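Chemist: what follows is a protein structure lacking sequence information:
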Ligand SMILES: Cc1ncc(C[n+]2csc(CCOP(=O)(O)OP(=O)(O)O)c2C)c(N)n1
Ligand SMILES: [Mg+2]
């Protein structure tokens, strides 16, 4: 799979050409304009964990990747349970999408590269260095979790769909202007591709050759809207062609495929080759958020098809078949992770509640008069 093979943009027209003659020579023919030649979807592991290509990472690294995917899965399950007990705010689990976010994060160098999340990427964020205790505090709505720890190259999560993308391009362009070797991984969903911010961000990134990887997690749904209702494009990856850079689809439930694809895109970006759009084809096995009930709209059979494509199951089968770990080892790992989560949750609960005045800070660089008067009113009324 070569970067050249990903690109399919047409040459710019010659501005000196005689347009009237050209029009006669090439009458309008709209047949087939819907098709864009795209490379096939990248896949390394089949559904049962059988290798189809040479593995792109060592088995030791694959085991570490699996551990973080599992940590993300168990974290989300624990948080859904805590939310049902009324101990957490609304949250968006990434269940079923762990290979997409962890595989992409593994292709970065956390010392130089930036992770720009949406809200469903916790597993990948854990790989990049976001601490578990802060992750719990995020889901209880504690503002401390919205301050990215110093030295961690990550932006806070973003709930406004695609709102992170123009900022991610600014970040990437800024790195380039400073001759910083870093690249940016910006993650969003299939629904995000309908937002103006998505198109503006991709356009600018293409023109500026910003060192950025746009990772679209096509998880089949934008709440209850299917991808078919979202776009008439055959794939989401092909949208990159219009912006003059490569777009590629990979199997988002295959850790190896996501890792290899994003690694190549990272290398291009670092070498000055500009952006890549990667569409990771995956599926949301859990809820849109804890405020959602997918049984109201999701066909049961569709869900079951994707349960069999679970990225964790696929990696387990691979690791066992290679003799990297056995069933007992996997169970021990699961127990260790549950214990880690218990300790981190306990730690999170020790964090004192913030002073309510905290919420008035960090809104503007210099607080507006309106916010100042609201704070005064709050102080006058007392804190009861
Ligand atoms: C700008 C904006 N419009 C609408 C919403 C309401 N909303 C929240 S999540 C969501 C669906 C997003 O779907 P997708 O981009 O596929 O991401 P996913 O939730 O599937 O990860 C919508 C429309 C929002 N948060 N922001
Ligand atoms: Mg989606």
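Modeler: Here it is on my side, so go on. Being a predicted model, the structure only gives us computed values, none of them experimental. Ligands and ions are numbered 1, 2, ... in the order given.
Chemist: for the chain, which helix is longest?
Modeler: helix 59-84 (DSSP state H).
Chemist: what is the subsequent helix or strand relative to that helix?
Modeler: Downstream of helix 59-84, the first helix or strand assigned by DSSP states H and E is helix 98-106.
Chemist: and that following helix, how far out from the chain middle?
Modeler: 8 Å (Cα atoms, centre = their mean, to the nearest Å).
Chemist: what residues does that helix touch?
Modeler: 57, 61, 65, 68-70, 72-73, 94, 115, 120-125, 127-128, 185, 187, 213, 215, 217, 252-259, 262, 278, 280, 282, 311-312, 314-315 (Cβ atoms under 8 Å, 6 or more residues apart in numbering). From N, CA and C alone the C-beta is placed, and that goes for glycine too.
Chemist: before we move on, the earlier item: kindly spell out which helices and strands sit in contact with the longest helix of the chain.
Modeler: Here helix 59-84 touches helix 98-106, helix 122-128, helix 132-139, helix 255-270, helix 311-321, helix 327-349, going by 3 or more Cβ pairs under 8 Å, 6 or more residues apart in numbering; DSSP states H and E.
Chemist: burial count for the residue of the stretch 1-150 of the chain found nearest ligand 1?
Modeler: Residue nearest to ligand 1 within the stretch 1-150 of the chain (Cβ to the nearest ligand atom): residue 120, separated by 4.5 Å. The number of residues packed near residue 120 is 26, by other Cβ atoms under 10 Å.
Chemist: who's in contact with it?
Modeler: 92, 93, 94, 97, 101, 189, 217, 219, 284.
Chemist: what's the burial count for the second one?
Modeler: What that stands for is residue 93. Neighbours of residue 93 (other Cβ under 10 Å): 23.
Chemist: verify the contact between it and residue 80 for me.
Modeler: Yes. Using Cβ atoms under 8 Å, residue 93 makes contact with residue 80 at a distance of 5.9 Å.
Chemist: quick one: common contacting residues for those two?
Modeler: 286, 287, 290.
Chemist: including distance to ligand 1 and neighbour count, could the residues you listed go into JSON lines?
Modeler: Converted to JSON lines, the shared contacts of residue 93 and residue 80 look like this (distance: Cβ to the nearest ligand atom, whole Å; neighbours: other Cβ atoms under 10 Å):
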{"residue": "286", "distance to ligand 1": "11", "neighbour count": "21"}
{"residue": "287", "distance to ligand 1": "10", "neighbour count": "18"}
{"residue": "290", "distance to ligand 1": "13", "neighbour count": "19"}
